[in-house]
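> Next input, structure requested:
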Amino acid sequence: MNFDNASAAERTHNVHETALVAAAKCGQRAAFDELWQSHAKRILGTTYRITRNRADAEDALQDSLLNAFAHIQDFDGRSNFSSWLTRIAINSALMILRKRPSVREFSLDDAGIHDSSSAAAVLVDHTPDPEASFAQREREQMLQDAIRALRPANRQAIELQRLREHSVMETAQMLGLSVTATKSRLHHAKAELRKSLNRQKARPAWATDGANFRPAA
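Purely as a prediction, here's the structure:
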């Protein structure tokens, strides 16, 4: 009986939420506000787990609100509304993290690169040596470029699990996927990163983006 009651309540909730989504798509702000309020607390928890900072989490929450309202017409119902909102929130939180001046240590070895020049390279420089600092910045930029070039779903997974140090299970929960599906996505993300980094390393120095080489005076 309890299971029947729970199922009935869930069906009622889904029908009500579907009606609210339809109303929100027709421009009814009150309907969108009701949708948002029913998910805001959970979304804030998601953004806080990613940013680990209350102010950043709240900023991500507000960004999610604006993005969801602006793109409500893009919601096609293939996933539930909660999952759609969560994906927007994750993107907002990760965008805020990308704007932070510092990046957590991340070894190129994590992306599956295995050679003597990069396997032990870590993206944090602990020496004041100018050459080492320059090489460090190049490695850091190379990895960031490779991550940005990933497909959005794979980029989300790798940033959550590798850069933000979430477990596979935590990453799966935030992405709304099974652990198996998350492991598969991470595997594909690392394979993409490996190929991208290998291509970048194969490029001649003079072809490096953003590098300005001038002849000596």
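> Show me which helix or strand of this protein is least confident by mean pLDDT.
helix 130-148 (a mean of 71; mean pLDDT, DSSP states H and E).
> Was I right to think Leu150 contacts Ala189?
Yes - look at Leu150 against Ala189 with CB atoms under 8 Å: they come within range, at 5.9 Å. In this view, the C-beta of every residue, glycine as well, is placed from N, C-alpha and C.
> and the most centrally placed residue in the chain, what is it in contact with?
Centre of the chain computed as the mean C-alpha position; nearest residue by CA atoms, centre = their mean is Gln156, 3.2 Å away. Neighbouring residues of Gln156 by CB atoms under 8 Å, 6 or more residues apart in numbering: Arg87, Ile90, Asn91, Leu94, Leu175.
> Looking at Leu150 and Ala189, which has the bigger crowd around it?
Neighbour tally, Leu150 and Ala189, criterion other CB atoms under 10 Å: the higher count belongs to Ala189, 23 against 19.
> quick one: which helix or strand includes the more buried one?
helix 179-202 (DSSP states H and E).
> Output that helix as CSV, restricted to C-alpha atoms.
C-alpha atoms of helix 179-202 as CSV (Å, rounded to 0.1, in the frame of the first residue of the first chain):
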residue,chain,number,x,y,z
VAL,A,179,28.2,4.4,-12.1
THR,A,180,28.9,2.1,-15.1
ALA,A,181,27.8,4.8,-17.6
THR,A,182,29.9,7.4,-15.8
LYS,A,183,33.0,5.1,-15.9
SER,A,184,32.4,4.7,-19.6
ARG,A,185,32.1,8.4,-20.1
LEU,A,186,35.3,9.0,-18.2
HIS,A,187,37.1,6.4,-20.2
HIS,A,188,36.1,8.1,-23.4
ALA,A,189,37.0,11.5,-22.0
LYS,A,190,40.5,10.3,-21.1
ALA,A,191,40.9,8.8,-24.5
GLU,A,192,40.0,12.1,-26.2
LEU,A,193,42.4,14.0,-23.9
ARG,A,194,45.2,11.6,-24.7
LYS,A,195,44.7,12.0,-28.4
SER,A,196,44.4,15.8,-28.1
LEU,A,197,47.5,16.1,-26.0
ASN,A,198,49.5,13.9,-28.3
ARG,A,199,48.5,16.1,-31.2
GLN,A,200,49.5,19.2,-29.4
LYS,A,201,52.9,17.8,-28.4
ALA,A,202,53.6,16.8,-32.0
